[in-house]
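Colleague: no sequence for this one, just the structure:
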C-alpha cells in the first residue's frame, strides 16, 4: 500500500488503525485515537484506514479483523509490529497505545 496523506511526516513511523464503521470497539476507541494523533503530531504518523473505503488495500495487507492496529517502522508493508488487544477492548486507550509505542522504541 502506498501511504498517502497531506499530514504525514517524512521518514517517521506510521501507527495505523484499520477499522470498520460498523465495529463497536472501533467506535469506542475513536476519541482515544484522535487524542493520540493530536498529541503525537509531527513526531509520528498516526493514521486511520477505513475498511469501508479501502477493502482492496485491507485484503492486500491481510487485515481481516477490526480494529487491527499496526506500527510500521520502515517503508515496507511487511515491516510492522501488531498491537495485541484484549477480547473485550478495554485496552484500546490512549495510555495503552503510548505504552505500546514506548515498548517498541517510538
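Modeller: Yes, it's here. Predicted model, so just to flag it, every value in this text is computed and none were measured.

Colleague: use CA for all of it now, contacts and neighbours both
Modeller: OK.

Colleague: Any buried residues in the helix or strand of the chain with the lowest mean pLDDT, and which?
Modeller: For the chain, using mean pLDDT, DSSP states H and E, the weakest element among its helices and strands is helix 55-60, scoring a mean of 88. Buried positions in helix 55-60, judged by neighbour count with 16 or more other C-alpha atoms under 10 Å: residue 58.

Colleague: helix or strand right after it?
Modeller: Later in the chain than helix 55-60, the nearest helix or strand by DSSP states H and E is strand 68-72.

Colleague: Helices along this structure, start to end?
Modeller: When secondary structure is read from DSSP state H, the chain shows helices at 24-40, 55-60, 94-103.

Colleague: And the nearest residue to residue 33 once chain neighbours are set aside, how far from residue 101?
Modeller: Closest residue to residue 33 apart from its sequence neighbours, by C-alpha to C-alpha, 6 or more residues apart in numbering: residue 94 at 6.7 Å. Distance of residue 94 to residue 101, given as C-alpha to C-alpha, to the nearest Å: 11 Å.

Colleague: Neighbour count: those two, which is higher?
Modeller: Using other C-alpha atoms under 10 Å as the criterion, residue 94 and residue 101 rank with residue 94 on top: 18 against 15.

Colleague: need the contact list for the more buried one.
Modeller: 32-33, 35-36 (C-alpha atoms under 8 Å, 6 or more residues apart in numbering).

Colleague: weakest of the helices of the chain in terms of mean pLDDT?
Modeller: Lowest mean pLDDT within those: helix 55-60, a mean of 88.

Colleague: Tell me how far it lies from the chain's centre.
Modeller: Here helix 55-60 is found 15 Å from its chain centre; the criterion is C-alpha atoms, centre = their mean, to the nearest Å.

Colleague: Next, format the helices of the chain as TSV and append distance to residue 18.
Modeller: Output for the helices of the chain, formatted as TSV (distance: least, C-alpha to C-alpha, whole Å):
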stretch	distance to residue 18
helix 24-40	9
helix 55-60	8
helix 94-103	14
